[in-house]
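Colleague: sequence and predicted structure are below.
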Amino acid sequence: MWPIFQTAAAAVAAWYLAVALLDRDQPLFAPIAAVIALGATVGQRGQRAVELVGGVVLGIAVADLIVAAIGTGPWQAGVMIVLAMGTAVALGGRELLVAEAAVSAILIATLPGAGAGFPPDRFVEAIIGGGVALAVSVLLFPPDPALLVGRALNRLFADLGRALGDVAQALEQGDAEIAERAQERGLGLSTHLIDVRRELLELRETARFALPRRGARGQLARIERSLGPVDYAARDTGVLARNALRFLRAGAIAPPPLYESVAALADAVWELAASYDDERRVERVRSLALGASTQASGLAEDARDLRLAELVVQVRSIGVDLVRAAEQVSGVEQAPRTDELLNT
């Protein structure tokens, strides 16, 4: 219901603003433009919202220029759609802007009485309505940046934790099929990372300029600081899954400390995901990740099989990555411990 109330309020505000600025009794196109634009932009961000509002204004402007010459009706609507969409494409508009331009042109071409009146007034009304919609959707009631970025990050952690859990299970059971599943999850981690970075890029300005969302800046800063180590952990997990699959296909048997350490890394991922909201979890991440790295390191001295040595190296690397990510979340780095771990 909240987006519905926002749209209704925007339509009323656009009406009264047009009355005040244009001195018109029936500024019909201002609330119509606000409803079309806001109905499409609820939940959208930045450039997408601007494109949708621009499409509304462009469609009304193009149709307004020619409606007096050809009138209104079905075939006129077809002509105006061609002209509005063609203009949008010529101006370099993307799919959203082009589609909204067509919808707005249909409105002018089919609305009774649209051919009457002074055309520039309708264009100015469209600008007023679109401006109100943009202000409502981007400035007054913007989407929650921390929520949207957090959702993208949680999808990344979910597959990262599951991939590590699958590797641990595959090594424990000697099941290559489970390792294949882990490898598939590992390949998809890069897509999740791209999604998180895109959300951060699109919503950074919202958190900076939209007053209702300025409180999200701290959470976004924690996510941005820690994303580098998380990226390394995701890449190392993909390598670990691939090496585990090769290890199992060769008929090798994993020693218990190996799959136990990988399972501990999976637990550390879940704790890391929770630490963004509860920094007390950071120490638990450190304990699990460092413990897993230390446990796996004990196998290095006896690792005569090169494939086993590769798994040990990846476990240690992921452990260090998770520890550093946790340190970035808390803002308190304890580099000597992680550097010492890297050198052992």
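Modeller: It's in.

Colleague: helices of the stretch 51-200 of the chain, start to end?
Modeller: 74-90, 95-110, 119-134, 145-173, 176-209 (DSSP state H, counting those that start in this stretch).

Colleague: want to try a markdown table for those, with mean pLDDT as columns?
Modeller: Formatted as a markdown table, those follow (pLDDT from 0 to 100):
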| stretch | mean pLDDT |
| --- | --- |
| helix 74-90 | 85 |
| helix 95-110 | 77 |
| helix 119-134 | 77 |
| helix 145-173 | 89 |
| helix 176-209 | 82 |
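
Colleague: so which of those helices comes closest to residue 31?
Modeller: Nearest to residue 31 among those is helix 119-134 (6.2 Å), distances taken as CB to CB. C-betas here are computed from N, CA, C, even on glycine.

Colleague: contacts for that closest one, please.
Modeller: If you take CB atoms under 8 Å, 6 or more residues apart in numbering as the criterion, helix 119-134 is touched by 10-11, 13-14, 17-18, 21-22, 24, 27-35, 37-38, 41, 49-50, 53-54, 56-57, 60-61, 64-65, 67-68, 104, 108, 114.

Colleague: ChimeraX command to pick out the buried ones of those residues?
Modeller: Per 16 or more other CB atoms under 10 Å, the buried members of these correspond to this ChimeraX selection:
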select :10,11,13,14,17,18,24,27,28,29,30,31,32,33,34,35,37,38,41,49,50,53,54,56,57,60,61,64,67,104,108,114
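
Colleague: just so I know, which of the helices of the stretch 51-200 of the chain lies nearest residue 294?
Modeller: Comparing the helices of the stretch 51-200 of the chain by CB to CB, helix 145-173 comes nearest, at 16.6 Å.

Colleague: residue ranges with poor pLDDT in the stretch 201-344 of the chain?
Modeller: The stretch 201-344 of the chain contains residues with pLDDT under 70 at 202-219, 300-304, 332-344.

Colleague: for it, what spans make up the helices?
Modeller: Under DSSP H, counting those that start in this stretch, the stretch 201-344 of the chain gives helices at 217-249, 256-275, 281-300, 306-330, 335-343.

Colleague: so which strand or helix has residue 38?
Modeller: Element membership for residue 38 (DSSP states H and E) is helix 29-41.

Colleague: tell me the spacing between residue 37 and residue 84.
Modeller: Per CB to CB, to the nearest Å, residue 37 is found 15 Å from residue 84.

Colleague: kindly report the same for residue 1.
Modeller: Residue 1 is 33 Å from residue 84, where distance means CB to CB.

Colleague: domains of this protein?
Modeller: 2-140, 145-343 (automatic domain parsing).

Colleague: burial of residue 75, as a residue count?
Modeller: By other CB atoms under 10 Å, 10 other residues sit near residue 75.

Colleague: again, but for residue 307
Modeller: For residue 307, the count of nearby residues is 15 (other CB under 10 Å).

Colleague: can you pull the contacts of it?
Modeller: The contact partners of residue 307, taken as CB under 8 Å, 6+ apart, are 243, 246-247, 250, 252.

Colleague: list only buried entries from those residues.
Modeller: The neighbour count (16+ other CB under 10 Å) marks 243, 246-247, 252 as buried among the contacts of residue 307.

Colleague: got those residues as a markdown table, with distance to residue 188 columns?
Modeller: Output for the buried ones among the contacts of residue 307, formatted as a markdown table (distance: CB to CB, whole Å):
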| residue | distance to residue 188 |
| --- | --- |
| 243 | 18 |
| 246 | 20 |
| 247 | 21 |
| 252 | 26 |
